[in-house]
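# predicted model follows, preceded by the sequence.
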Amino acid sequence: MPAVAVTDHGNLFSVLDFYQKAMKAGIKPIIGCEIYVAPGSRFEKSTPGGNQEEASYHLILLSRNKQGYKNLVKLVTAAYLEGFYYKPRIDKELLKQYHEGLSASPRAWRRDPLSPEQQPLRRREKAALQYQELLGKENFYLELQTTGYPSRNR
C-alpha cells in the first residue's frame, strides 16, 4: 500500500515512531487523531445529568500537509490544557481556528436517540452540514459501518 494512517485516541503519542518507520519502509505516513469534541464550549466542565459519556464525542482528524500537522498539534495541546473534562476535548471554535490542512470524519451522531419524534436524522444531517461548511466539502468524509443492529424504518 502507498500510504498508512495512525489515529491515536485523544493524543499524538505514537506519531514520531510511526512516522519514522513508515518513511523507512517507503510508505507515506498520514498522521491523525481521534479527538474528543465538547458538545458546547471546551471550557464548560459539566454535562446534563452529570453523564460522563455526554461530555464529548469523537472526531477523526487527519493532517493533509505540514500545516495540518501543526494545527493538529495545536488542537491536541489545547484539548489537554483548556478542554480537559474526563478526556482532552476541543470545541468547534478551536476547530474553526485550526482547521487548515485537516480532513475530518465526524461520529457525533452515534449517541442520538433512535425515537422518531426526536428527529435524530435531522440532527445528524445538521451536524454533518456544519462540519462540511467548517472544513470544506473536499475535507469532509462520513464514516459508515455495519453495527450489527437490524435496520429500523425511520
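Sure, I can see it.

# for the rest of this, base every contact and every neighbour count on C-alpha atoms.
Noted.

# report pLDDT for Leu12.
pLDDT, Leu12: 96.

# my guess is it contacts Glu34. True?
No: the pair Leu12 / Glu34 is not scored as a contact, 9.5 Å apart, by Cα atoms under 8 Å.

# the more surrounded of the two?
Neighbour count, other Cα atoms under 10 Å: between Leu12 and Glu34, Glu34 has more, with 23 against 19.

# against Tyr19, how distant is the more buried one?
For Glu34, the distance to Tyr19 (Cα to Cα, to the nearest Å) stands at 17 Å.

# where's Val73, which helix or strand?
According to DSSP states H and E, Val73 maps onto helix 66-81.

# distance of the most centrally placed residue in the chain from Leu75?
For the chain, the residue nearest the mean C-alpha position is Leu59 (1.3 Å; Cα atoms, centre = their mean). Distance, Leu59 to Leu75, by Cα to Cα: 12 Å.

# likewise for Arg64?
15 Å.

# higher neighbour count, these two?
Leu75 (24 against 16).

# check contacts around that one.
Ile90, Leu94, Leu95, Tyr98 (Cα atoms under 8 Å, 6 or more residues apart in numbering).

# so how far is Lys45 from it?
18 Å.

# any idea what Ala5 is bridged to?
Taking DSSP bridges, one obtains Ile30 as the residues bridged to Ala5.

# give the pairing partners of the strand or helix carrying the residue nearest to the centre of the chain; include direction for each.
Following DSSP H and E, one finds Leu59 within strand 57-63. The strands that strand 57-63 pairs with in its sheet are strand 28-37 (antiparallel), strand 102-106 (antiparallel) (by DSSP bridges).

# just want the angle from that strand to helix 66-81.
150 degrees (axes from the mean of the first three to the mean of the last three Cα atoms, to 10 degrees).

# before we move on, back to that, and the next helix or strand after the helix holding Val73, what does it pack against?
Counting by DSSP H and E, the next helix or strand C-terminal to helix 66-81 is strand 89-90. Applying 3 or more Cα pairs under 8 Å, 6 or more residues apart in numbering; DSSP states H and E, one finds that strand 89-90 contacts strand 28-37, helix 66-81.
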